[in-house]
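S.K.: Take a look and give me a structure for this.
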Amino acid sequence: MNIVMMTNTYLPHVGGVARSVASFSAEYRRRGHGVLVVAPEFPDTPADETGVIRIPAIQNFNASDFSVALPVASGLNEALDSFAPDIIHAHHPFLLGMTALRAARTRQLPLVFTHHTLYEQYTHYAPGDSPRLQRFAIELATAYANLCDQVFAPSNSIAVLLRQRGVTTPVSEIPTGVQVEDFAHGDGSAFRHQLSIPADAFVVGHLGRLAPEKNLVFLAEAVAGFLHTRADTHFLVIGSGPSESDMREVFDNAGLSGRLHIAGILQSAELANALHAMDVFVFASYSETQGMVLTEAMAAGVPVVALDAPGAREVIRDRVNGRLLEEQQREAFVAALGWLAGRSPQQREALVQEARNTADSFSLQRTAEKALYAYTTVRSRLQPGTYTEDDSENQVLNRVIKLIRAEWEIVKGMAEAGGAALRHGNTDRKSD
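M.R.: Predicted structure coming up:
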């Protein structure tokens, strides 16, 4: 089958959606399917990439590291027609998500949408951030999901949330799988030596984009509190972003800057080495839709301590493969880290083995199989119409009508989202 993936973020950008699209695309191709990725241009985009169409984009939108794709691209329709897709898969509800809707409607193809992101958690990147804008983000994503033929939710928590928000399109729970073999082996000792971390230190680790929505100030304060209880502990952070300075400030104020190691963005073998240098992985974000970095850490045999939130609760079994904390309390987080550090070698090995078992259950091979089955199901449920080959005028007319209908659905969806946001805002004012 030929699958088009339309995404507003893709390699070389480092982030969950980009990695998800890249991972699924590689696995589909490995199984013999055709994949065409439509994505924005980014700085340092490889010149020799295949199977990718790049769309002109505004770089570093609103001082972030995101690119904003311009939704109209010369030659895109011709490229899509040449590829002859069977499925259009959108990974965002706006910008290239709108292009995906038009492409699917005009070609009478099923449209699949993965609700990767809790968009209301990211409105601080947009000018004029406000509760009303957050409500608009929710309503727009919901309206878009209801224009699609199938929705993928990365976790059960998100599947439940989408139905509560009014999504009536069929929803399948399909997380991004972890390529277990990429993380199963690594040289943690060499990585510790590279960063001057003692070989016998207890290392708390974190991986991710260092951004405000990741709740990193709380995380840094909790880890710093734990480091105060043990002189042999260090904090290893993999990633970069605007919150790096906030994390450094927390450790500077605590007098612990010498035990904070921020290694930047790592890929491939170096990332595996870094994960193998950790004794425990910590996570405090409430903005995730799945536990991708958690399963990557577990594939390296690293137990996890995290707050109970979407994505984390599907991965962590408390006191089995880590600790899942019900409330955001610094003292409870410090105590959980102390509990894990205090396990005997045999107890710690049991935690490690359960972490690896969890990663195996979230393998990319398993999740790709589920996604391909969902593609097949939606295709059989929505058989495309046919045109009469000898009536070219009707073909053109029907295609124009479908394009107009697609545009109307987009406008209507945005208008409904805006109206819902305004109604919600008025209700809020009346209740004040």
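S.K.: domain assignment for this structure?
M.R.: 2-177+365-431, 180-362 (automatic domain parsing).
S.K.: worst average pLDDT in these?
M.R.: Here the lowest mean pLDDT among the domains of the chain goes to domain 2-177+365-431, at a mean of 78.
S.K.: hang on, the earlier thing: the domains of the chain into CSV, with extra columns for mean neighbour count?
M.R.: For glycine as for every other residue, the C-beta is placed from the backbone atoms N, C-alpha and C. Listed next are the domains of the chain as CSV, based on neighbours: other Cβ atoms under 10 Å:
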stretch, mean neighbour count
domain 2-177+365-431, 18
domain 180-362, 19
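S.K.: what separates Ala300 from Ala184, distance-wise?
M.R.: As judged by Cβ to Cβ, to the nearest Å, Ala300 and Ala184 stand 7 Å apart.
S.K.: Actually, Leu271.
M.R.: 13 Å.
S.K.: Kindly report the same for Ser82.
M.R.: 39 Å.
S.K.: do Trp339 as well
M.R.: In terms of Cβ to Cβ, Trp339 sits 26 Å off from Ala184.
S.K.: repeat for Tyr375
M.R.: 29 Å.
S.K.: ok, now Arg54?
M.R.: Taking Cβ to Cβ, one finds Arg54 at 33 Å from Ala184.
S.K.: ditto for Met98
M.R.: Met98 is 40 Å from Ala184, by Cβ to Cβ.
S.K.: now swap in Thr142 and tell me
M.R.: From Thr142 over to Ala184 (counting by Cβ to Cβ), the distance is 39 Å.
S.K.: Check Pro93 too.
M.R.: On the measure of Cβ to Cβ, Pro93 and Ala184 end up 35 Å apart.
S.K.: repeat for Arg29
M.R.: 22 Å.
S.K.: Pro310 now?
M.R.: Counting by Cβ to Cβ, the gap from Pro310 to Ala184 is 26 Å.
S.K.: Dump stretch 36-50 to PDB, restricted to CA.
M.R.: In PDB, the C-alpha atoms belonging to stretch 36-50 read as follows (Å, rounded to 0.1, in the frame of the first residue of the first chain):
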ATOM      1  CA  LEU A  36       5.900   9.600   0.900                       C
ATOM      2  CA  VAL A  37       6.600  12.100   3.600                       C
ATOM      3  CA  VAL A  38       5.400  15.700   3.100                       C
ATOM      4  CA  ALA A  39       7.200  18.000   5.600                       C
ATOM      5  CA  PRO A  40       8.500  21.500   6.000                       C
ATOM      6  CA  GLU A  41      12.000  22.600   5.200                       C
ATOM      7  CA  PHE A  42      14.400  22.800   8.200                       C
ATOM      8  CA  PRO A  43      17.900  24.000   8.500                       C
ATOM      9  CA  ASP A  44      20.400  21.300   7.700                       C
ATOM     10  CA  THR A  45      17.900  19.200   5.800                       C
ATOM     11  CA  PRO A  46      19.800  16.400   4.100                       C
ATOM     12  CA  ALA A  47      20.300  17.100   0.400                       C
ATOM     13  CA  ASP A  48      20.100  13.400  -0.600                       C
ATOM     14  CA  GLU A  49      16.900  12.300   1.200                       C
ATOM     15  CA  THR A  50      14.500  10.100  -0.700                       C
END
